[in-house]
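J.: coordinates for the following, if possible.
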Amino acid sequence: MAVNQSSPGVVIQERDLTTITTLSTANIGVLAAPFESGPVEEIVQVSSERELVERFGKPNDKNYEYWYTAAQFLSYGGTLKTVRVNATALKNAVSNDTAELIKNLQDYETNHTSQNWHWAARTPGTKGNSIGVFVTDAGADQVLTLPVPGSKEYRYTLGSAVSVTGGASGKSMNYRYKCTVGNVSLTPVAGQNVHIADTINASQDLEFVIDAYDAANNVVELRPLDVDDTGVISPTSTFLNIDSQDAAAVTAFTITALSRELVVALDKGSVEFAAADVIADNYTGSDSPYSNATIAIGSVRSEYADRQYLPGLKWNAVAARPGTSNFAASAGGHNDEVHVLVLDIDGKITGTTGAVLERFLGLSKASDAKTTVGETNYYKEVIKQRSQYIYWGTHEDELHQVGASLSAGDWGTSASTVFNLIKSTNGTQNYPADATTVGTVNGSTAYFRLGNGVDYTGVNEYTIDNTDIINAYSLVEDPESQTVDFILTGPSGVDDASALAKITALTNIVEERRDCMLFVSPRRATVVGSSNTTTVTDNLVSFFDTLPSSSYVVFDSGYKYIYDKYNDVYRYVPCNGDVAGLCLQTTETAEPWFSPAGFQRGILRNAIKLSYSPNKTQRERLYASRVNPIVSFPGQGVVLFGDKTALGFASAFDRINVRRLFLTIERVIGGAAKSQLFEQNDESQRSLFLNIVEPYMRDVQGRRGVTDFLVKCDSDNNPPESVDRGEFYAEIYVKPTRTINFITLTFTATRTGVSFGEVAN
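T.: Here you go, the predicted structure:
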């Protein structure tokens, strides 16, 4: 092709005439199954049993046949596109008492981005009920210990100002009485009211509510409900009586030590309070407790040093106190950082009670927050992108107001905001009620225990609805968007009708795609539990004779016995995952057009025994019904002893190796054909296509895939009228190499004087 040049020179051009589609190893399987965890109706690719456990959980008594179908296929080196099946009953655990199904991330982003729950389990099922989510922010700064009052107990209106003239300023976040107690005859419970004797007026008592009880250290935390005009709690020998436990006001325990503590959050830019600073109580109610007294602070300490997320477990052992990020500080914001802990409270997920599943430290309440490397640091987005266990639902709604109005400190606004702080309600906003075991009312830790997660209620491994199964498999219907080589059935169904419906639907998928194969094992009841092999054979023939004919489908006769190491039991599982695995293994060790059957390439892995091993006569009946026998040969292992497809009539395509030969060359040559689209439709382009295809087919022939072939792509099958319509035709004729299925050995005895040449002819 000439190139115009304005002055003398040399132009170098390249033209690629070496185009050929390189086929990746055919190793991708598909299985839809009712796993105990993982996203629903989303394709997740796994390449090992370990990944299968991490993404979808371990096998259980309801799903082990599906699970081990997947695991056995993976043991042959395959990659599995795995889909967790939906079900009507399936629900995610959430942080309130509603029922919610969040299938996967796409479903969450589309339908669940703002909810009436704060947190939800990432995947549906009962395992999510073990999740606890703990959130803390900057919270209170200091705990101020106050002296014993003269005649009346102090009282503080929460959220009101506390200050020292010319010094520290902030807001009161909590006022509490910490009581070390003895003689505990009735267990204190958070939320119960107690009465304490008034040391000034013996005819009266003072009323409090229990905010928390630390049984390990015998510490009760109290909050005043009503304070009379007179009265001071004595730190010794004062009896506490619990209303709800005994109407007669039975002595519950005695106070042996008592501390009055005011918890404060400093204003932005304030210095800290110090011991001996003089403050006043700030109560604004209608009754008349100790009012506007001058109180000299006894001692001060950091509130974060005391802060716990579970009894005895402190936040400062997890990370430094959250505060203000550099990003927010530079924008004029304040107290934007939060820490989030995700724990396995009951140990149902990890097997370890209280195990930390995830920790997210130094996240931001600001919607525009960035890390030092420019990534989003907004806690909602970080949780969505990185968490494997939880989804965010809505911002905290129980907060300490720090600005002129509550809305001024809203979470999810820009980094210039002075953000409101967490106010623990100790069970009021949290689900379920056991949230009261953590923290303190008006404290700085929000605890959410997830609940109401539901599994595939009342089902076993067979009774997943066929509609849900097919909906899951339909995610791989499109051959252009999903590369698939093997579709695994797992267990066929609970009865013949459901099995027929399931297998027919899957057969329709492979017939539509025409680039992959379906592998089917019998129903469990036809082969497991019967000692009469004749009856089993009859049942198998009857079952498979009802199934559709297709060269893209492979039937087998087997259920194998394996050891389930996760549950320490032995189980029978279907063999379709193994048969697909043998096809994969054949591609790796030989060629895709070799048979996966026999003693060279057809030995199943991990098989202790078979539930049914047919004899020669029974194998002949099965083979005539398109069923590939799986046989246990003493000393030689468990072997796939047939290579038929489910095609119902005699054809070259009634053999697995021929079907896989055509799948292979069709994918390679089809890929090469795509590169011809929109090129010039002339003889040169047809010659180029021939130069691509013929070397490849000669290579297949040299590797024993075909005995002969012919590629025709010229003006004879591309006449002018076809060219004018933009059409391009190529015809590839193939003589596939056949496998040996029947061997006859003839042994002849002759007399001593007879020449072998005479009898051999």
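
J.: pLDDT of the helix or strand containing T586, averaged?
T.: Assigned by DSSP states H and E, T586 falls within helix 576-589. Confidence for helix 576-589, expressed as mean pLDDT, is 95.

J.: in that helix, what counts as buried?
T.: For helix 576-589, the neighbour count (16 or more other Cβ atoms under 10 Å) marks 576-587 as buried. C-beta coordinates here come from the backbone N, C-alpha and C atoms, glycine included.

J.: and those as a markdown table, adding distance to W315?
T.: Below are those laid out as a markdown table (distance: Cβ to Cβ, whole Å):
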| residue | distance to W315 |
| --- | --- |
| N576 | 51 |
| G577 | 47 |
| D578 | 51 |
| V579 | 54 |
| A580 | 50 |
| G581 | 49 |
| L582 | 54 |
| C583 | 54 |
| L584 | 50 |
| Q585 | 52 |
| T586 | 57 |
| T587 | 54 |
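
J.: one step back: send me the helix holding T586 as PDB with only the CA atoms.
T.: C-alpha atoms of helix 576-589 as PDB (Å, rounded to 0.1, in the frame of the first residue of the first chain):
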ATOM      1  CA  ASN A 576     -20.800 -35.800  38.400                       C
ATOM      2  CA  GLY A 577     -18.200 -33.500  39.900                       C
ATOM      3  CA  ASP A 578     -15.600 -36.300  39.400                       C
ATOM      4  CA  VAL A 579     -16.600 -37.100  35.800                       C
ATOM      5  CA  ALA A 580     -16.300 -33.400  34.900                       C
ATOM      6  CA  GLY A 581     -13.000 -33.400  36.800                       C
ATOM      7  CA  LEU A 582     -11.700 -36.400  34.800                       C
ATOM      8  CA  CYS A 583     -12.500 -34.500  31.500                       C
ATOM      9  CA  LEU A 584     -10.500 -31.600  32.900                       C
ATOM     10  CA  GLN A 585      -7.700 -33.900  34.000                       C
ATOM     11  CA  THR A 586      -7.600 -35.500  30.500                       C
ATOM     12  CA  THR A 587      -7.100 -32.000  29.000                       C
ATOM     13  CA  GLU A 588      -4.200 -31.400  31.300                       C
ATOM     14  CA  THR A 589      -2.400 -34.700  30.900                       C
END
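
J.: that helix - contacts with which helices or strands?
T.: The contact analysis (3 or more Cβ pairs under 8 Å, 6 or more residues apart in numbering; DSSP states H and E) places helix 576-589 against strand 28-33, helix 64-75, strand 486-488, strand 517-520, strand 553-556, helix 598-601, strand 637-640.

J.: any idea which helix or strand comes after the second one?
T.: Per DSSP H and E, the first helix or strand lying C-terminal to helix 64-75 is strand 79-84.

J.: ok, residues contacting that next one?
T.: Under the criterion Cβ atoms under 8 Å, 6 or more residues apart in numbering, residues 27-35, 38-47, 52, 55-56, 70, 73-74, 123, 472-473, 475-476, 482, 484 lie in contact with strand 79-84.

J.: which helices and strands sit right next to the top strand by length along the chain?
T.: Longest strand in the chain, counting residues (DSSP state E): strand 251-266. Counting contacts by 3+ Cβ pairs under 8 Å, 6+ apart, strand 251-266 is packed against strand 142-146, strand 169-182, strand 238-242.

J.: again, only using 10 Å
T.: strand 142-146, strand 161-163, strand 169-182, strand 193-197, strand 219-226, strand 238-242, strand 299-302 (3 or more Cβ pairs under 10 Å, 6 or more residues apart in numbering; DSSP states H and E).

J.: quick check: N606 touching Y570?
T.: No: the criterion here is Cβ atoms under 10 Å, and N606 misses it with Y570 at 11.8 Å.

J.: settle it for me: which of these two has more neighbours?
T.: Applying other Cβ atoms under 10 Å to N606 and Y570 shows that N606 carries more neighbours, namely 15 against 11.

J.: what's near enough to touch the more buried one?
T.: N606 makes contact with 68, 71-72, 75, 560-563, 573, 578, 638 under the criterion Cβ atoms under 10 Å, 6 or more residues apart in numbering.

J.: that one and S549: what is the separation?
T.: According to Cβ to Cβ, to the nearest Å, N606 and S549 sit 31 Å apart.

J.: ditto for T507
T.: According to Cβ to Cβ, T507 stands 9 Å off from S549.

J.: find the residues that touch each one of the two.
T.: A646.

J.: between the two, which one's more packed in?
T.: The residue with more neighbours, out of T507 and S549, is T507; 20 against 13, by other Cβ under 10 Å.

J.: surely that one is in a helix?
T.: Yes: counting by DSSP: H, G, I helix; E, B strand; the rest coil, one finds T507 located in a helix.

J.: hang on, isn't it packed against V554?
T.: No: contact criterion Cβ under 10 Å: T507 and V554 do not qualify, at 11.2 Å.
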